[in-house]
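Novice: just coords:
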């Protein structure tokens with residue numbers, strides 16, 4: 001941080017916002033020089049010794065993620081939930097903190113209609129349990145759901161190192177863990193939202209870390225870890241869990257072909273299957289609580305009622321069977337348009353290649369070229385086969401987000417680490433230095449900058465998603481409501497220009513919550529809800545105003561007009 005301020009003091013700032021492209025280059029080379037000096041003179045000898053101490057490395061990597069993100073809180077505070085997905089995951093987390101899997105239907109549920117939330121046959125989020133579990137732990141233990149996100153991202157970096165220990169040398173494993181921090185640490189969008197990408201990535205790390213250990217020793221502990229990872233993926237990304245299961249079977253294909261190994265495989269599979277059972281039971285119980293049927297997933301009911309999430313590209317576009325609000329209609333039409341306009345399978349697949357940048361720092365892409373010769377070994381060819389399975393399987397979605405294939409995060413990192421190990425020492429060192437400089441530069445920008453700098457640098461930053469400023473005006477509204485005494489009822493009135501920014505969100509126990517957000521229908525209908533909550537201060541929120549406007553709910557006019565005499 002000190003060095004960053006020193007460098008900044010010598011830079012000429014040529015524009016009113018205080019930061020330009022030339023400054024970007026100077027900062028990059030300054031950070032590059034610092035990293036190179038540290039690696040050569042101090043870090044490398046101690047790191048090789050530390051890398052052999054698995055427990056310490058796991059703790060240090062996790063602590064680094066936590067410390068680096070907490071240090072940014074003055075400029076980048078706890079992320080404000082900013083849309084339907086965030087709110088739906090937080091609703092499920094709040095439901096879990098009440099030690100239930102679903103909530104009863106509210107008698108005034110028509111006012112609480114929102115996207116990705118069921119109102120009937122239960123009041124519940126449509127999403128799977130996995131991401132909500134870590135949010136619930138953060139809320140229960142620390143009173144803040146985002147702490148669960150922070151801890152899950154710390155666990156991901158640590159588990160990437162643990163997974164790599166099963167595949168490569170301790171030194172390269174530690175470097176891989178540090179690269180995971182650079183890519184999936186404080187600046188990543190998974191860290192700064194509530195969508196839960198880290199949970200699926202953790203599941204993948206457990207599975208892919210257990211596989212090579214099982215091949216070496218067939219220990220019960222590793223088999224249990226394998227089952228835990230499979231089960232965690234099952235309750236996080238149910239569809240993609242099929243691809244994970246297939247990849248496990250393919251990994252043991254040589255043993256399956258050699259029939260003499262079947263007994264050993266069966267002994268290893270039994271503890272894994274037992275470890276999966278509690279997760280499978282939890283998935284079934286969640287389905288039953290939310291939908292009333294053991295095998296019907298919540299998002300399937302949402303698709304029938306609201307038409308979202310939309311179907312795979314090879315299926316017909318769903319038709320909603322419920323009366324949609326204007327905001328819900330907007331989401332439905334948007335997803336239906338993407339579904340109907342989806343390009344051909346392979347065009348769609350090619351267009352998603354750019355998402356590799358989310359998982360790999362740009363310099364690491366060069367290392368993949370040195371990974372190719374290792375494909376002559378089955379275990380490395382298996383990595384490419386697994387990545388292909390996930391890519392092809394997720395390509396049936398008409399749209400795509402990185403957390404869909406989060407389970408293979410550590411495999412992409414492994415391919416890069418193997419490629420680096422194959423390079424000559426000088427080339428590998430320079431690639432690593434470039435990765436470190438890239439991270440230190442952007443971390444320095446976010447640690448020492450201001451909103452004008454962030455806006456100026458936004459066009460250069462790729463793949464990161466740390467929150468700054470308040471583009472939707474949510475923080476200001478939240479502060480205004482937090483300052484109001486007593487319990488509040490907020491009617492949300494959308495303009496005709498409203499797009500996809502959802503504002504209606506509520507706690508699992510609506511009636512006991514301090515804040516309640518309700519859809520503004522009309523004065524006559526709104527009066528029914530005000531009568532249901534007679535002890536609350538009533539507000540009108542217009543989120544589409546610039547900036548969003550929160551005012552006391554207008555009182556009905558009592559004026560009596562007399563006819564002229």
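Specialist: Great, that's in hand. Note that the structure is a prediction, hence the values are computed from the model and not measured.
Novice: need the contact list for residue 234.
Specialist: For residue 234, the set of contacting residues under the criterion of CB atoms under 8 Å, 6 or more residues apart in numbering consists of 241, 276, 279-280, 283. For every residue, glycine as well, the C-beta is placed using N, CA and C.
Novice: let's see that with 6 Å instead.
Specialist: Contact criterion CB atoms under 6 Å, 6 or more residues apart in numbering gives 241, 279, 283 as the residues in contact with residue 234.
Novice: what's the distance between it and residue 254?
Specialist: Remark: distance between residue 234 and residue 254 (CB to CB, to the nearest Å) = 26 Å.
Novice: just residue 212 next, same as before
Specialist: Using CB to CB, residue 212 is found at 13 Å from residue 254.
Novice: neighbour count winner among the two?
Specialist: Neighbours were tallied for residue 212 and for residue 254 using other CB atoms under 10 Å; the higher tally belongs to residue 212 (17 against 13).
Novice: helix or strand for residue 309, which one?
Specialist: When secondary structure is defined using DSSP states H and E, no element contains residue 309, which sits outside every helix and strand.
Novice: got phi/psi on the nearest residue to it once chain neighbours are set aside?
Specialist: Using CB to CB, 6 or more residues apart in numbering and skipping the chain neighbours, the partner closest in space to residue 309 is residue 299 (5.7 Å). Residue 299 adopts backbone torsions of phi -70, psi -20, taken as degrees, to the nearest 10.
Novice: what segments of the stretch 1-150 of the chain are strands?
Specialist: Taking DSSP state E, counting those that start in this stretch as the criterion, the stretch 1-150 of the chain carries its strands at 117-118, 124-125.
Novice: of all the ones you listed, which one is nearest residue 353?
Specialist: Taking CB to CB as the criterion, residue 353 comes closest to strand 124-125 out of the strands of the stretch 1-150 of the chain, the separation being 31.7 Å.
Novice: and that closest one, which strands flank it?
Specialist: Strand 124-125 sits in its sheet next to strand 117-118 (antiparallel), going by DSSP bridges.
Novice: any idea of the mean pLDDT in the partner strand?
Specialist: Per-residue pLDDT values across strand 117-118 average out to 98.
Novice: next one: it to chain centre, how far?
Specialist: Computed by CA atoms, centre = their mean, to the nearest Å, the chain-centroid distance of strand 117-118 equals 20 Å.
Novice: what packs against the helix or strand where residue 206 lies?
Specialist: Under the criterion DSSP H and E, the helix or strand holding residue 206 is helix 197-217. The contact analysis (3 or more CB pairs under 6 Å, 6 or more residues apart in numbering; DSSP states H and E) places helix 197-217 against helix 145-165, helix 220-234, helix 409-422.
Novice: now do 7 Å
Specialist: If contacts are counted by 3 or more CB pairs under 7 Å, 6 or more residues apart in numbering; DSSP states H and E, helix 197-217 sits against helix 129-142, helix 145-165, helix 220-234, helix 238-251, helix 409-422.
Novice: got a list of contacts for the fourth one?
Specialist: With CB atoms under 7 Å, 6 or more residues apart in numbering as the contact definition, helix 238-251 has outside contacts at 128, 204, 207, 211, 230, 233-234, 297, 382, 385-386, 389-390, 393-394, 404-405, 407.
Novice: what's the next secondary structure element after it?
Specialist: Counting by DSSP H and E, what follows helix 238-251 is helix 253-257.
Novice: what do you get for the last one?
Specialist: Secondary structure here is assigned by DSSP H and E; on that basis, the next helix or strand after helix 409-422 toward the C-terminus is helix 425-448.
Novice: what inclination does that next one have with respect to helix 409-422?
Specialist: Regarding helix 425-448 and helix 409-422, their directions subtend 140 degrees when assessed with axes from the mean of the first three to the mean of the last three CA atoms, to 10 degrees.
Novice: beyond helix 425-448, next helix or strand please.
Specialist: Per DSSP H and E, the first helix or strand lying C-terminal to helix 425-448 is helix 451-457.
Novice: flag every buried residue along whichever helix or strand comes after that following helix.
Specialist: Using DSSP H and E, the next helix or strand after helix 451-457 towards the C-terminus is helix 474-483. Residues of helix 474-483 classed as buried under the neighbour-count rule (16 or more other CB atoms under 10 Å) are 474, 477, 481.
Novice: now do residue 528 against residue 277, distance only.
Specialist: Per CB to CB, residue 528 is found 47 Å from residue 277.
Novice: what's the answer for residue 287, then?
Specialist: Shown here: residue 287 relative to residue 277, a distance of 16 Å by CB to CB.
Novice: between the two, which one's more packed in?
Specialist: Set side by side, residue 287 and residue 277 show more neighbours around residue 287, with 21 against 11, by other CB under 10 Å.
Novice: ok, longest helix in this structure?
Specialist: Of all the segments of type helix in the chain, defined by DSSP state H, the longest one is helix 262-291.
Novice: let me see the mean pLDDT of that one.
Specialist: In the prediction, helix 262-291 has an average pLDDT of 92.
Novice: same check on stretch 296-305?
Specialist: What stretch 296-305 shows for mean pLDDT is 97.
Novice: helix or strand for residue 491, just tell me which one.
Specialist: Going by DSSP H and E, residue 491 is part of strand 488-492.
Novice: so that strand versus helix 474-483, what angle?
Specialist: Going by the same axes, to 10 degrees, strand 488-492 is angled at 150 degrees with respect to helix 474-483.
Novice: direction included, what does strand 488-492 pair up with?
Specialist: Here, using DSSP bridges, strand 488-492 pairs with strand 515-519 (parallel), strand 537-542 (parallel).
Novice: run the chain-centre distance for it.
Specialist: A distance of 29 Å separates the C-alpha centroid of strand 488-492 from that of its chain, computed with CA atoms, centre = their mean.
Novice: buried ones in stretch 438-455?
Specialist: In terms of neighbour count (16+ other CB under 10 Å), stretch 438-455 has its buried residues at 438-447, 449, 453-454.
Novice: quick one: which of those is nearest residue 320?
Specialist: Taking the buried residues of stretch 438-455 together and measuring to residue 320 by CB to CB, the closest member is residue 454, at 39.5 Å.
Novice: from residue 332, how far out is residue 186?
Specialist: 36 Å.
Novice: quick one: which of those two has more around it?
Specialist: Using other CB under 10 Å, the more surrounded residue of residue 186 and residue 332 is residue 186, with 27 against 20.
Novice: wait, the more buried one touches residue 72, no?
Specialist: Yes - with contacts counted by CB atoms under 7 Å, residue 186 reaches residue 72, the gap being 5.8 Å.
Novice: still on that earlier bit, for residue 293, which of the helices and strands packed on helix 197-217 is the nearest?
Specialist: Among the helices and strands packed on helix 197-217, helix 238-251 comes nearest to residue 293, with 14.7 Å by CB to CB.
Novice: how about the nearest residue to residue 338, chain neighbours excluded?
Specialist: Here the nearest residue to residue 338 in space, its sequence neighbours aside, is residue 398; by CB to CB, 6+ apart that works out to 4.9 Å.
Novice: same check, this time on residue 450
Specialist: By the measure of CB to CB, 6+ apart, the closest residue to residue 450 outside its immediate chain neighbours is residue 75, 7.6 Å from it.
Novice: before we move on, back to that, just give me the neighbour total for the residue nearest to residue 309.
Specialist: For residue 299, the count of nearby residues is 20 (other CB under 10 Å).
Novice: okay, the strands of the stretch 1-150 of the chain, which one's buried deepest?
Specialist: Ranked by mean neighbour count, the strands of the stretch 1-150 of the chain are led by strand 124-125 with a mean of 28 (mean count of other CB atoms under 10 Å).
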